[in-house]
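K.L.:
Predicted model follows, preceded by the sequence.
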Amino acid sequence: MGHYRVNANTSAHDAVQGIKDGNPFVAVRDRYLAHPETQTDLIPLPRVGALMVEPLAEAMRQFLGSRLHCDTPVEHVEIVDDEFRSYDGNDALLATSQNLLLCCGARETPLPELLAFRDRWEGSAQFLLRERLEGLPGDNSLIVIIGASHSAFSCAWRLLYDPLFSAFAGDREIVILQRRERVKLRCTPEFAAAHRIDYDPGTDVCPATGLVFRNAGLRKDAKMLYLRIRDGEETRVKLEEMNSLDEKQELLARAGLILQATGFVSNLPPIERAGRSLRIGDPGQCGELHDLDSGAKIPGLFGMGLGINILPDGDPRGEPSFNGGIHGFQSYPLAVAPRIVDRIKANMTLEAGN
């Protein structure tokens, strides 16, 4: 938990406002929302940890005790007789359990077309967590951002409006490369009408919330930045469409910094059973993971978070046209985590009955 951070363009309010009444985290929620520092546009990342993450971890310790392992590196997991055994780097046994939930975060890896530019490449997550400029090119070269995602526009927002980057960005040319013609925005139908946003009322509106592109659209500052670029109010960033990166090699060669915002790969520890390394993934509706080679569900093994693509049925599904994964601060805690907890409880009840 100590490594959870909110990027500079996403309000941490989204995370704590998803905490419902009647649980041990309510006090953390209310103190965070009432704290004057949390009302600022750019709360420093260490303060997010001190004001929200650390108190959440302490609240968990109060009722989990020694069963809560924070900042404990798990290097590999073995499945023995349907029991999970977690080991550290020295091959010492850290814990055994009947159920295991993997929330290991994710990593960004360069697209094949960008391997030749590895020396000037950076993933969006790394860039959005930056608190210093060390390692970035100091010249006035072009900056290319790849992707039309929320993270891509968040990177552009930091370059333009975060004081940390005011001298660095300066008069640099910034280009966002996108593969799709339409950029989606999360908004109400009224907002869409007022800002001339194209959408299909039959397929692009979430039936539960009435929001347009509830799960697929840009949010908050990223959304407003796109509108400013589209309407010519922000001229320091240029949007360019492309069919593939192959046709943009000359542009990439001119860039001093290339930021990739095209998704994540799950950062899971090696998992073995009977001496065989398992390829795991393909989560079900309740987060259960499968052996990708055999297609069989692995009882008691669950996953959630970036890089683990869970698309629940029902209300969290959002707009009918949405076919991606849910990685939002609110969607995972509210839609996926309760299902995982319920399934683990069911497993425990079944085991007790047997």
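P.N.:
That came through, no problem.

K.L.:
and stretch 106-124, how far from the chain's centre?
P.N.:
Distance, stretch centre to chain centre, for stretch 106-124: 18 Å (CA atoms, centre = their mean, to the nearest Å).

K.L.:
Report the mean per-residue pLDDT for it.
P.N.:
Stretch 106-124 comes out with an average pLDDT of 93.

K.L.:
how's this structure carved up into domains?
P.N.:
When the chain is parsed with automatic domain parsing, its domains come out as 1-68, 109-183+218-260.

K.L.:
if we compare the ones you listed, which one ends up closest to A208?
P.N.:
Nearest to A208 among the domains of the chain is domain 1-68 (15.1 Å), distances taken as CB to CB. For glycine as for every other residue, the C-beta is placed from the backbone atoms N, C-alpha and C.

K.L.:
per-residue confidence averaged over the closest one?
P.N.:
Mean per-residue pLDDT for domain 1-68: 80.

K.L.:
Might you list the low-confidence residue ranges for the stretch 251-354 of the chain?
P.N.:
Counting by pLDDT under 70, the ranges of the stretch 251-354 of the chain that qualify are 311-317, 325-334, 350-354.

K.L.:
Stretch 200-212: which residues count as buried?
P.N.:
204-206, 211-212 (16 or more other CB atoms under 10 Å).

K.L.:
Please convert the domains of the chain to a markdown table, extending it with mean neighbour count and distance to P269.
P.N.:
Listed next are these as a markdown table, based on neighbours: other CB atoms under 10 Å; distance: least, CB to CB, whole Å:
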| stretch | mean neighbour count | distance to P269 |
| --- | --- | --- |
| domain 1-68 | 15 | 15 |
| domain 109-183+218-260 | 17 | 17 |
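
K.L.:
nearest to P338, of those?
P.N.:
Ranking these by distance to P338, with CB to CB as the measure, places domain 1-68 first at 9.9 Å.

K.L.:
next one: that closest one to chain centre, how far?
P.N.:
17 Å.

K.L.:
With stretch 203-211 instead?
P.N.:
The answer for stretch 203-211 is 22 Å, by CA atoms, centre = their mean.

K.L.:
Now do that stretch, average pLDDT.
P.N.:
Computed over stretch 203-211, the average pLDDT equals 92.

K.L.:
related to what we said a few turns ago, just the closest of the buried residues of stretch 200-212 to N243, please.
P.N.:
Using CB to CB, D204 comes nearest to N243 of those, at 23.8 Å.

K.L.:
Now do the contacts for the closest one.
P.N.:
D204 makes contact with 184, 212-213, 319-321, according to CB atoms under 8 Å, 6 or more residues apart in numbering.
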